[in-house]
Each structure stands twice: as structure tokens, then as C-alpha cells.
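Participant: predicted model follows, preceded by the sequence.
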Amino acid sequence: MEMIAERGLEKLTMAALGREVGMSSGHLLYYFGSKDELLLRTLEWSEGRLGGERARLLVGGGTVRERIDAYVDLYVPDAEGDPHWTLWLEVWNRSQNADDDARERQAAIERAWHRDLVALLAEGISSGEIPSLDPDRFASRLRALLDGFSIHVAIGLRGTDRGRILSHVREFLDEALG
């Protein structure tokens, strides 16, 4: 992740990574099998850290809406070139040719984000804090909105900085959840 943050994914070669960690590219290939596997495992590691933060959101204090806003803050990239999102974009791009195991592992990461958002929404509905809606359907739609906006931030599309995107999403949530 440090190399991605410092140099970008295009400069992440097995040889350069090997030099950085004091191993040969052959050793890296022995342990990971391919660059695709290395990228997916790095994403799984990074997502594991974010999963812990999401878990704290679920049980944390504050209103459901405050915790949904915190979920959105965690989801949206910090800025153009955000290393976590750069990695996601590359894994998504490579997933077209990935084997079933790799695709399932990627889907498992997606399901974790979805499951946690559905749980927050269901809590808000049961407590009367947010209006009755289908939490699974709403979570799918909100995550699609977040993915689209997040890609714009991650690639540095003009006019789509993090602050502006968070404002758009909060406006949508105000309208949808009251």
C-alpha cells in the first residue's frame, strides 16, 4: 500500500516490490503466484482494516444517521490517487479475466460493505429513526451512488473533490431518509 500511495499502481512491478521488501520477484511469485493475486490479497488486507472500522460504526454511539454519515466518510476516497481506491479500481479492472475464486473473494468484500449498511438501515427503521424502506434495495442504490462518486474522486475528475461529493451524498440522504 505504501508503494501504491507513493508511486502509483503503474509503477508497482514485482521487481520493484521485491527490492522494497528485500525479496526477489521470484520469491514474491512463489508466495503469491501472480501480480493479480498479490493485488487481491493486498485489497483483502486493506479491507480487513476498514472492516474493523465499519464494525465500530455499527456498535458505536450516535444516531443511526450519524453512523450512516460515518460509513459514507469511510467509503469515499480521501483524494485523487487514494491508494485503497486505486487498488480497488485495478482489481475491478482485472476481475473480468479472474478465476471464480478471485471473483468470489472480491464479491465477499463487497457483501461485507453491503451487509453492514443494511444492518444500519434496519436498525434505523426498527427504532423509527428513518422511514420504512427496503434496506437491501436502498443499500444497493446508495452503494452504487457511492461507487460512482468515489471513482470520480479517485481518478481526479474535475469538479468532484471529496467535499463536494460528501455534500451531494448527504443531500441525497436528507431527501431519502428525512
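Facilitator: That came through fine. Numbering: from 1, shown residues only.
Participant: now do the same for the residue minimising distance to the centre of the chain: its pLDDT.
Facilitator: The chain has residue 75 as the residue nearest its centroid, 5.5 Å off, counting by CA atoms, centre = their mean. The score at residue 75 is 96. That number is its pLDDT.
Participant: what ranges do the helices span in the protein?
Facilitator: 2-7, 14-21, 25-32, 35-59, 64-75, 83-94, 100-127, 135-155, 162-177 (DSSP state H).
Participant: what angle separates the longest one from helix 35-59?
Facilitator: With axes from the mean of the first three to the mean of the last three CA atoms, to 10 degrees applied, the angle from helix 100-127 to helix 35-59 works out at 10 degrees.
Participant: equivalent analysis for the third one, please.
Facilitator: Helix 25-32 runs at 50 degrees relative to helix 35-59, counting by the same axes, to 10 degrees.
Participant: tell me the pLDDT of residue 35.
Facilitator: Reported pLDDT for residue 35: 75.
Participant: equivalent analysis for residue 12, please.
Facilitator: For residue 12, the predicted pLDDT is 70.
Participant: separation between it and residue 57?
Facilitator: 30 Å (CB to CB, to the nearest Å). Placement of C-beta: from N, CA and C, glycine included.
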